[in-house]
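Student: Below are the sequence and a predicted model; questions follow.
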Amino acid sequence: MQENRQQSDENHAGALMFLSGGGEVGAMMRAHDWSTSPLGHPRTWPQALRTVVGLMLNSKFPMFVAWGKELAFLYNDPYREVLGDKHPAALGGRFHDIWAEIWHDINPLIERALRGEATYADRLYLVMNRHGYDEPTWFTFSYSPVRDEDGAIAGMYCACVEVTEQVLAEKYRNEENERLRGLFSQAPGIMAVLRGPEHVFELTNQSYMQLVGHRPIVGKRAREALPEIVGQGFLELLDRVYATGEPFVGHALPVRLQREPEGPLEERYIDFVYQPIRDENGAVSGIFVEGSDVTDRKLVEDELRAANRQKDQFLAMLAHELRNPLAPIMTAAQLLKLGRLDARSVANASEIIVRQAEHMTDLVNDLLDVSRVTRGLVTLEMEALDLNVIVSAAVEQVRPLIDARRHALTLQLSGQPAHVTGDRTRLVQVISNILNNAAKYTAPGGRIVLAVTVGDGQVTVAVRDNGVGIAPEVLPYIFDLFTQAERTPDRSQGGLGIGLALVKSLVALHGGTVHARSEGLGQGSEFSICLPCAAPDNGNLRVLVVDDNADAAQMLAALLEVQGHAVSVEYDARGALARARSEHPDVLLLDIGLPDMDGYELARRLRAQPESAGATLVALTGYGQNQDREEAQQAGFDHYLVKPADLNEVNEVLARAEARR
């Protein structure tokens with residue numbers, strides 16, 4: 001009896017040998033109460049399940065097996081990390097109950113395995129609740145069918161590995177790389193990465209693309225991507241850096257680029273570094289290009305250097321101009337000091353001193369004038385002016401020099417008022433400076449033409465000569481301070497060459513512009529001053545007089561023209577309508593008793609056509625009854641004057657029209 005019991009225990013122990021080992025989970029399986037598990041006691045497990053469990057328990061790879069209709073769950077020690085707080089309650093439980101939160105994700109794969117199809121999932125995203133909260137996880141695993149002794153599928157088997165840390169690390173690296181790429185792309189400096197001995201573009205940023213012009217260059221060799229740089233030395237520098245592994249630094253080097261398709265080569269200046277990129281073996285595998293487009297800075301520096309040279313030249317010229325009058329002054333003073341001169345010689349020496357001192361005073365005044373204007377210290381006395389009158393005053397000032405050099409001066413005035421708002425003295429100074437310049441740099445006996453034109457809302461004064469002209473390289477800077485065209489060595493004309501700078505500043509203060517043109521040296525030059533038009537104080541309205549009495553119409557028109565208005569005359573209504581459409585008058589003085597239609601109907605038609613709808617309509621008639629005035633108002637008249645109209649009344653109406661305009 002005792003021997004039978006001992007034999008039975010040994011048989012039971014032998015039946016559980018497949019659970020030997022297996023670490024903590026193996027020990028738990030051996031000690032587990034299987035009475036509530038759908039699997040029953042391990043002694044009753046089929047051989048196929050025992051085999052799988054035995055292999056699983058002795059593996060260092062996370063595994064589990066789900067067996068039977070209810071997919072009872074068994075796993076090994078490494079799988080405990082996957083279960084988290086679900087261990088140890090999960091042992092022997094139902095697969096669905098254990099992983100209910102991810103069942104909708106894994107059930108399709110389970111069903112495929114139970115149909116006999118092995119499946120594989122790589123980095124499958126699962127939201128698990130294994131530590132009391134939902135957490136994102138990623139797993140790589142396979143589901144395989146497990147067959148019983150009869151060959152029927154009785155369960156499924158899984159080998160898995162959690163790759164959450166790797167996925168998150170990779171995601172972080174990708175995000176960091178994207179962030180770095182973003183910084184690279186948006187960096188203000190030019191950046192590019194070239195690979196291999198052919199310098200193939202791997203990366204470029206926005207600044208680099210703006211420099212070279214937007215064209216596809218990534219993936220292309222430098223020679224192919226930027227063919228215009230061949231022969232400019234940059235490819236040779238890249239070859240040298242790649243071969244030697246030594247970086248190259250360039251400062252404000254010029255490069256000519258075709259930045260627009262089929263466009264011209266544009267010269268840009270760049271600061272840059274060619275930095276070799278080395279692989280894990282230390283060999284050069286590419287070149288990192290970093291730098292900045294310094295074209296604007298380079299141009300400013302060049303302009304400053306040029307301005308500094310011009311300043312030095314100007315100071316040298318100033319010293320020369322001041323010494324010239326000093327020489328005769330000192331000589332004359334020394335002669336006077338000797339006391340041996342006769343009265344005529346004393347007078348001559350005194351005249352020389354006075355004349356040369358006046359010349360020096362003019363030079364100093366020019367300098368002070370330019371200084372005051374450029375510093376904004378000049379106050380203009382603005383008033384309404386006719387530029388024809390200003391031109392006449394300027395010609396009068398320069399006439400002695402023009403006559404002395406026997407120039408032929410032609411004046412072409414506008415033939416109509418050229419109204420501007422400005423400072424009379426300064427505008428005379430501006431025009432006389434231009435004329436003086438033309439006279440100085442035109443050979444004796446030359447031709448000068450001064451023309452005044454009015455149009456497009458501005459008044460233009462142009463001075464043309466057939467003098468020495470202006471070199472193309474000087475023309476863009478002719479109005480700059482310290483800029484002066486080349487003079488003859490004797491500098492017989494004198495002066496500091498600052499008159500044009502003064503002209504530009506004064507014209508700008510008047511809201512105008514000044515321009516210079518020349519076909520080149522020996523081709524003469526033209527200077528034009530443009531100022532905005534201004535209405536004169538007394539009107540300058542466009543007025544249309546309509547009256548079938550020709551004498552009355554013409555006399556009224558003459559009176560208005562004397563006051564500066566532009567006046568037209570018509571003798572019937574149809575002519576008035578046509579004239580209004582073509583000339584857009586500001587004011588219409590209409591007789592009521594016209595031959596083809598009365599003034600009331602004419603007024604209504606004038607109001608109906610857009611060219612005269614907003615004009616001031618004035619009834620000028622011999623009828624003065626209240627009924628006549630009411631009818632005129634209903635027809636669209638603004639004012640009603642009874643013949644013979646008083647001139648003051650007419651002027652008052654015109655003043656209102658001017659204010660309204």
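Tutor: Yep, that arrived.
Student: Centre-most residue in the chain?
Tutor: Centroid check for the chain by Cα atoms, centre = their mean gives Q210 as the closest residue, at 12.8 Å.
Student: E111 falls within a helix, correct?
Tutor: Yes: when DSSP: H, G, I helix; E, B strand; the rest coil is applied, E111 is found to be in a helix.
Student: contacting residues for G499?
Tutor: Residues in contact with G499 (Cβ atoms under 8 Å, 6 or more residues apart in numbering) are 366, 433, 436-437. Using the backbone N, CA and C atoms, a C-beta is placed for each residue, glycine as well.
Student: Same question for M56.
Tutor: Contacts for M56 were tallied using Cβ under 8 Å, 6+ apart; they are 63-65, 74-76, 157.
Student: one step back: neighbour-wise, give me the winner out of the contacts of G499.
Tutor: When neighbours are counted by other Cβ atoms under 10 Å, N437 leads the contacts of G499 with 23 neighbours.
Student: quick one: secondary structure of it?
Tutor: Secondary structure of N437, per three-state DSSP, is helix.
Student: What score does it have for pLDDT?
Tutor: As predicted, N437 sits at a pLDDT of 88.
Student: how far away is it from I402?
Tutor: Distance of N437 to I402, computed by Cβ to Cβ, to the nearest Å: 12 Å.
Student: Please apply the same query to Q356.
Tutor: For Q356, the distance to I402 equals 23 Å [Cβ to Cβ].
Student: For R574, state which of the contacts of M56 is nearest.
Tutor: Closest approach between the contacts of M56 and R574, by Cβ to Cβ: F64, at 108.2 Å.
Student: After the longest helix along the chain, which helix or strand is next? Please name it.
Tutor: Longest helix of the chain, by residue count under DSSP state H: helix 295-338. The C-terminal neighbour of helix 295-338 among helices and strands, as given by DSSP states H and E, is helix 343-374.
Student: ok so the residue nearest to the centre of the chain is a helix residue?
Tutor: Yes: Q210 forms part of a helix when assessed by three-state DSSP.
Student: so where's the stretch 551-661 of the chain uncertain?
Tutor: Applying pLDDT under 70 to the stretch 551-661 of the chain picks out residues 661.
Student: Please enumerate the helices of it.
Tutor: 573-583, 599-608, 626-635, 647-660 (DSSP state H, counting those that start in this stretch).
Student: List the contacts of the last one.
Tutor: Going back to what we said before, that points to helix 647-660. The contact list for helix 647-660 (Cβ under 8 Å, 6+ apart) reads 535, 539, 541, 543, 559-560, 563, 565, 586-587, 589, 616, 618, 639, 641.
Student: buried residues in it?
Tutor: By neighbour count on 16 or more other Cβ atoms under 10 Å, the buried set for helix 647-660 is 650, 653-654, 657-658.
Student: A632: which of these is nearest?
Tutor: Using Cβ to Cβ, V653 is the member of the buried residues of helix 647-660 that lies nearest A632, at 13.5 Å.
Student: how near is the closest one to P417?
Tutor: Taking Cβ to Cβ, one finds V653 at 21 Å from P417.
Student: now swap in D312 and tell me
Tutor: Separation of D312 from P417 (Cβ to Cβ): 47 Å.
Student: How about E101?
Tutor: From E101 to P417 the distance is 94 Å (Cβ to Cβ).
Student: Tell me which of these two has more neighbours.
Tutor: Comparing E101 with P417 by other Cβ under 10 Å, the one with more neighbours is P417, at 19 against 13.
Student: Now do the same contact list for the more buried one.
Tutor: 386, 388, 454, 536, 540, 564.
Student: The first one against A418, yeah?
Tutor: Yes: using Cβ atoms under 8 Å, D386 makes contact with A418 at a distance of 5.8 Å.
Student: Show me which of these two is the more surrounded one.
Tutor: Remark: of D386 and A418, A418 carries more neighbours, 24 against 19, as counted by other Cβ under 10 Å.
Student: That one: what's it in contact with?
Tutor: Shown in contact with A418 (Cβ under 8 Å, 6+ apart): 386-388, 452, 454, 459, 533.
Student: which two from the residues you listed end up farthest apart in space?
Tutor: N388 and C533 (13.1 Å).
Student: from the contacts of P417, which is closest to L168?
Tutor: V454 (79.2 Å).
Student: tell me which element that closest one falls in.
Tutor: Using DSSP H and E, V454 falls in strand 447-455.
Student: what element comes up after that strand heading to the C-terminus?
Tutor: Downstream of strand 447-455, the next assigned helix or strand under DSSP H and E is strand 458-465.
Student: quick one, that following strand and strand 447-455 angle?
Tutor: 170 degrees (axes from the mean of the first three to the mean of the last three Cα atoms, to 10 degrees).
Student: tell me which helix or strand of the chain sits lowest on mean pLDDT?
Tutor: Here the helix or strand of the chain ranked lowest by mean pLDDT, DSSP states H and E is helix 2-15, holding a mean of 48.
Student: Quick check: next helix or strand after that helix?
Tutor: helix 23-31.
Student: related to what we said a few turns ago, any chance of JSON lines for the buried residues of helix 647-660, columns distance to F18?
Tutor: Shown next, in JSON lines, are the buried residues of helix 647-660 (distance: Cβ to Cβ, whole Å):
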{"residue": "V650", "distance to F18": "128"}
{"residue": "V653", "distance to F18": "124"}
{"residue": "L654", "distance to F18": "123"}
{"residue": "A657", "distance to F18": "118"}
{"residue": "E658", "distance to F18": "117"}
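Student: Which single one of the residues you listed is nearest to A31?
Tutor: Looking across those and measuring by Cβ to Cβ, the closest to A31 is E658, at 115.4 Å.
Student: okay, and for the stretch 401-550 of the chain, where does confidence drop off?
Tutor: Counting by pLDDT under 70, the stretch 401-550 of the chain contains low-confidence ranges at 481-498, 535-539.
Student: What ranges does it have for its strands?
Tutor: 408-412, 419-423, 447-455, 458-465, 513-517, 525-532, 542-546 (DSSP state E, counting those that start in this stretch).
Student: Give me whichever of those is most buried.
Tutor: When you average the neighbours per residue for each of the strands of the stretch 401-550 of the chain (mean count of other Cβ atoms under 10 Å), strand 542-546 leads with a mean of 24.
Student: tell me what that one is packed against?
Tutor: The helices and strands touching strand 542-546, judged by 3 or more Cβ pairs under 8 Å, 6 or more residues apart in numbering; DSSP states H and E, are helix 550-562, strand 566-570, helix 573-583, strand 587-590.
Student: 6 Å - rerun?
Tutor: helix 550-562, strand 566-570, strand 587-590 (3 or more Cβ pairs under 6 Å, 6 or more residues apart in numbering; DSSP states H and E).
Student: quick one: which of those is nearest E228?
Tutor: Among the helices and strands packed on strand 542-546, the nearest to E228 by Cβ to Cβ is strand 566-570 (59.2 Å).
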